[in-house]
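> Below are the sequence and a predicted model; questions follow.
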Amino acid sequence: MRDRPRSPRRRRERRSPTPAAAQKRAAIDKLKAALAEERLVLHYQPIVGARDSRVVDVEALLRWRSPRKERARIEDLLRSAESSPVIFELENWALERAAQEAHEWRRAGLPGVRVNVNLSAREFPRADLVGRVKRRLASADLDPRGLVLEVTETSRIEDFDAVAGQIQRLIALGIELWLDDFGTGHSSLEWLSHLPLHGVKIAGTFVERLPTEKRCQVIVARVIDLAHDFKLRVVAEGVENEQQRDFLVRCGCDLLQGFLFHAAMPAKELLRALAGPPTSSGTLRA
């Protein structure tokens, strides 16, 4: 007996995934595999004082362990997978690893250098956030005052009171919180007006257009003034030449980060650089 053909209403169409969906799925799979196979490491880029170029903090950045073997750019994968739960796994791993390595720096005699770790705004609605941060710090035996969390605006915040409560509990531990890539997210001004932050980072997309674009000059100068009105410190990232640096210094920017000063480097290389004698410009003294 032959099966009856399905009616058009009951027939299920099999649709091929869109290019964007396929790209996201591939990025998620690659990042999961990289974590499982231990193909990821952290490199650290120093953040320096705008006027004296002395190292204040270092930002933890995700990198391939063997970059020559990997075709995909890690930044592109993260961008494609940023709304996936795999981002939580990566942030948890990065926090644990960065805390461990920062503890080693302190044992080596560098107590003044803090480590900055990126954290998605999507983490804050999760009830266990503060507990997870505390456990990672405790397992690494790292003083919370040695940690800065750079919050990225990857999604719109619906309940600022709940987020503020999470931030206050983190601050109570001794942790600083900064708003990363200021001006490129969903609600930068809402963050400033509602949340008890310590500072903002001006996105490199603005800095790279200094000082040749007048509009960018105005935006960056106003952001620095606005942040200072809120008693916040300001970091400008992506500083690559002296013209950019000079403009930012004139505007009163507090801290700078970029290739003009230092590239990101492995933990052991950073430790040697910070522990060694100063360079001719003195920039590698913590």
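Nice, thanks for sending it over. The structure displayed is predicted, hence computed values, not measured ones.

> now the stretch 101-250 of the chain, which segments are flagged as low pLDDT?
Residue ranges of the stretch 101-250 of the chain with pLDDT under 70: 154-156, 185-187.

> can you map out the helices along it?
129-140, 160-173, 188-194, 204-207, 214-229, 242-250 (DSSP state H, counting those that start in this stretch).

> helices or strands up against the first one?
For helix 129-140, the elements it packs on are helix 86-107, strand 147-152, helix 160-173, judged by 3 or more C-beta pairs under 8 Å, 6 or more residues apart in numbering; DSSP states H and E. C-betas here are computed from N, CA, C, even on glycine.

> quick check: angle from it to helix 160-173?
For helix 129-140 against helix 160-173, the angle by axes from the mean of the first three to the mean of the last three C-alpha atoms, to 10 degrees is 20 degrees.

> Need the residues that contact helix 129-140.
Helix 129-140 is contacted from outside by 92, 95-96, 99-100, 102-103, 123, 143-144, 147, 149, 166, 169-170, 173, 175, using C-beta atoms under 8 Å, 6 or more residues apart in numbering.

> before we move on, the earlier item: who wins for proximity to Arg272 among the helices and strands packed on helix 129-140?
Judged by C-beta to C-beta, the one of the helices and strands packed on helix 129-140 that comes nearest to Arg272 is helix 86-107, at 11.1 Å.

> Please identify the most buried of the helices of the stretch 101-250 of the chain.
Most buried of the helices of the stretch 101-250 of the chain, by mean neighbour count (mean count of other C-beta atoms under 10 Å): helix 204-207, with a mean of 19.

> Name the residues that touch that one?
Residues contacting helix 204-207 (C-beta under 8 Å, 6+ apart): 183-184, 216, 219-220, 223, 236-239, 244, 248, 258.

> on that earlier part again, any chance of the helices and strands packed on helix 129-140 in a markdown table, plus distance to Arg136?
Output for these, formatted as a markdown table (distance: least, C-beta to C-beta, whole Å):
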| stretch | distance to Arg136 |
| --- | --- |
| helix 86-107 | 5 |
| strand 147-152 | 9 |
| helix 160-173 | 11 |
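
> Of all the ones you listed, which one is nearest Lys268?
Using C-beta to C-beta, the helices and strands packed on helix 129-140 put helix 86-107 closest to Lys268, at 9.0 Å.

> Pick out the residue closest to the middle of the chain.
Asn118 (3.2 Å; C-alpha atoms, centre = their mean).

> Which residues does the nearest residue to that one once chain neighbours are set aside form beta bridges with?
Of all residues not flanking Asn118 in the chain, Glu150 sits nearest, at 5.0 Å (C-beta to C-beta, 6 or more residues apart in numbering). With DSSP bridges as the criterion, Glu150 is bridged to Asn118, Trp178.

> What residues does Glu150 make contact with?
59, 116-119, 177-180, 201.

> any idea how far stretch 63-78 is from the chain center?
17 Å (C-alpha atoms, centre = their mean, to the nearest Å).

> Same check on stretch 55-68?
11 Å.

> can you check stretch 255-270 too?
14 Å.

> Excluding its own residues, what touches that stretch? List them.
Contacts for stretch 255-270 (C-beta under 8 Å, 6+ apart): 41-50, 53, 55-59, 61, 63, 101, 104-105, 201, 204, 207, 233-242, 244-245, 248, 273, 283-284.

> count of residues packed around the closest residue to Gln45 other than its chain neighbours?
Spatially, and ignoring its direct neighbours in sequence, Gln45 is nearest to Ala264 (4.0 Å; C-beta to C-beta, 6+ apart). Counted with other C-beta atoms under 10 Å, residues neighbouring Ala264 total 19.
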